[in-house]
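Undergrad: structure of the sequence below:
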Amino acid sequence: MITGFLTIGLLQWCVLLSSFSPQSVGVPLFAVHKAQRRQSTFKVREPNLYAPHLYAHELEFLAILIDLPGAKKKQSYWELSYQLYFVPEDKYYETVKRLPRGPSNPTPEQFPGRVLLLEGHKKIRRLDTLRERTIHLTGVPFKQRVPDAQRTKFATLMTYFSVKIFDAELKTTLYRSGLMITDPYEDHPQDPNQAIARKTIYLNFMVTPEGYLNLSQLARDPDSTKW
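TA: Now for the predicted structure:
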């Protein structure tokens, strides 16, 4: 059993190291989350560890187009479709075991037992300020949507998205779609050895002056968030 868990972990890191490049528009998105899911402390998975206290009653969803060279251009726009799912721990790892070696770009349909928490679509044409480039949703029911027996520590929150960005300064259109995943919990801000319920899901997009589209699920430094 332990060997099986180690194999899954090694497979995930191999996917990350072999496929992620911030300059590749076609990069398999399943790889992007790997560097972000266990970012501050290494946590050994304890299978089916019941942890209902790590499930927030409600979630906040923040999708932000942080950087865009042509943000001041009236012709620029960004368009985002998104779905947020909960995936039970056993179903997530069963799917990971079935994935082919190397780069992979699975779809939500490959994860049985998933629970849809949120979905939407928005096209934004006014991009002058960070506030205007933000999709902010609150009060997304979470804990009540998850059966009690599935409230384990190492279950998964999965965001599937499809984004289209036209930058009038660069005169280019960028597309990206894929999965990004994270845990239902996060590190305690004062004690990285303790976990607390995750309350916010971030989906950040950044277009570089060279025309590359980068993404992240990391929370922004509050001091750098200027509305």
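Undergrad: keeping just the C-alphas, turn stretch 196-203 into CSV.
TA: Provided in CSV are the C-alpha atoms of stretch 196-203 (Å, rounded to 0.1, in the frame of the first residue of the first chain):
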residue,chain,number,x,y,z
ILE,A,196,-7.0,25.1,8.7
ALA,A,197,-10.0,25.0,6.4
ARG,A,198,-9.4,26.7,3.0
LYS,A,199,-11.9,29.4,2.4
THR,A,200,-10.7,31.0,-0.9
ILE,A,201,-10.0,29.4,-4.3
TYR,A,202,-7.7,31.6,-6.5
LEU,A,203,-7.3,31.4,-10.2
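Undergrad: low pLDDT regions in this structure?
TA: 1-43, 221-227 (pLDDT under 70).
Undergrad: hmm, try it at 50
TA: 1-29, 31-42, 225-227 (pLDDT under 50).
Undergrad: ranges for the strands of it?
TA: Taking DSSP state E, the strands of the chain run over residues 55-67, 77-87, 115-124, 134-141, 156-167, 172-182, 185-187, 195-207, 213-216.
Undergrad: strands paired with the fifth one, and their directions?
TA: Right, the one you point to is strand 156-167. With DSSP bridges as the test, strand 156-167 is paired with strand 77-87 (antiparallel), strand 172-182 (antiparallel).
Undergrad: so which of those is nearest G102?
TA: strand 172-182 (15.6 Å; Cβ to Cβ). Quick note: C-beta positions are derived from backbone N, CA and C, even for glycine.
Undergrad: list the buried residues in the closest one.
TA: L174, R176, G178, L179, M180, I181, T182 (16 or more other Cβ atoms under 10 Å).
Undergrad: how about stretch 106-121?
TA: Result for stretch 106-121 [16+ other Cβ under 10 Å]: buried residues P106, F111, G113, R114, L117, L118.
Undergrad: what's the closest non-adjacent residue to the fifth one?
TA: What it means is L117. Counting by Cβ to Cβ, 6 or more residues apart in numbering, L117 lies nearest to L84, which is 4.7 Å off, once chain neighbours are set aside.
Undergrad: can you check the fourth one too?
TA: Of all residues not flanking R114 in the chain, Y85 sits nearest, at 4.4 Å (Cβ to Cβ, 6+ apart).
Undergrad: cool, thanks, signing off.
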